[in-house]
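J.: Please find the sequence and the predicted model below.
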Amino acid sequence: MDLGIAGKRALVCASSKGLGRGCAEALAEAGVDLVMNARGLQALEATAADIRARHQVNVVTVAADITTEAGRAAVLAHGPFDILVTNAGGPPPGMWSDWGREDFIKALDANMLTPIALMQAVLPGMMAKGWGRVVNITSVSVKSPVAVLGLSNSARAGLTGFVAGTSRQVAGKGVTINNLLPGIHATDRAIALDTAVVKAKGISMDDAIAERAATIPAGRYGTAAEFGAACAFLCSQHAGFIVGQNILLDGGATNATM
Ligand code: NAP
């Protein structure tokens, strides 16, 4: 399917690895020029070089912490953007009693206030042009809490509330905002969480992965490529009537009728 977005320009945050990279690759395959971001320069440059080699698109890299004001200013300097994919690392796991105010502020900065600030920066330009696409990478934890991820559950719920109202305010100008909710995907983040299970339960990594995969009706972890394809579709010309949705990509793990 021709996604109809060749020649558009996208900012894909936190995209040297994992789900962000999957989104960047799928958009590049659709002919979208990219501004890619991550903190670590080496992996970012390697991923950008790989994408440039496989797709005929321009790729600009900005090594910066997207959760800081300076980091956001550095990426936004490469606008204007037709497409924004927000993403950042997820907060650490723990117990509800572990976290103090500073931990919450950090999680809110990363997974709520950063995507909101980025949207506030790019939405006026998109609305003036009459076309724009925003996809926020959030989490299955928005629909179904992951008990050990209390910081994530809290911060992402706040972002979801903001998107629910704002998406309705900008849709009339041809701009859509939607959230993609990853369940378990085979990325470094999943390995980090599995490593915590290995330590806590004293089991092998293979057993920890098998245990988690068994909780997913699809019987496996998702891939970054599958995730990226869903993101590219939401950014396509065909998705202009999809507004303010929270779309689960979890292999059926969330046991709900709707
Ligand atoms: P990942 O494989 O660990 O990749 C994270 C990417 O983000 C890397 O490119 C990393 O590069 C970059 N990054 C992290 N913090 C950043 C920051 N402050 N500024 C700029 N770039 C940053 O993670 P993932 O699995 O793709 O997860 C992406 C998001 O989805 C996370 O918020 C995660 O919590 C959420 N999620 C993931 C899963 C899953 O199963 N994978 C499930 C639910 C939710 P640098 O480290 O070099 O900055």
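T.: Noted; the coordinates are in hand.
J.: how about the residues of the stretch 101-250 of the chain that lie near the ligand?
T.: Proximity of the stretch 101-250 of the chain to the ligand, by Cβ under 6 Å from any ligand atom, involves residues 137, 139-140, 182, 184-185, 187-190. Every residue, glycine included, has its C-beta placed from N, CA and C.
J.: now these: which count as buried?
T.: For these, a neighbour count by 16 or more other Cβ atoms under 10 Å gives the buried set as 137, 139-140, 182, 184-185, 187, 189-190.
J.: in the host helix or strand of A74, what's buried?
T.: In the assignment (DSSP states H and E), A74 maps to helix 69-76. For helix 69-76, burial by neighbour count (16+ other Cβ under 10 Å) applies to 71-72, 74-76.
J.: quick one: which of these is nearest to M258?
T.: Nearest to M258 out of the buried residues of helix 69-76 is R72 (Cβ to Cβ; 35.2 Å).
J.: In this structure the closest one contacts M119, no?
T.: No. Counting by Cβ atoms under 8 Å, R72 does not reach M119; the two are 11.1 Å apart.
J.: quick one: pLDDT of V197?
T.: Reported pLDDT at V197 in the predicted model: 89.
J.: Tell me who's in contact with it.
T.: Residues in contact with V197, defined by Cβ atoms under 8 Å, 6 or more residues apart in numbering, are 203, 208, 211-212.
J.: at 10 Å instead, please
T.: Going by Cβ atoms under 10 Å, 6 or more residues apart in numbering, V197 touches 93, 148, 203, 205, 207-209, 211-212.
J.: Does stretch 1-17 reach the ligand?
T.: Yes. Stretch 1-17 lies within reach of the ligand by Cβ under 6 Å from any ligand atom, at 14-17.
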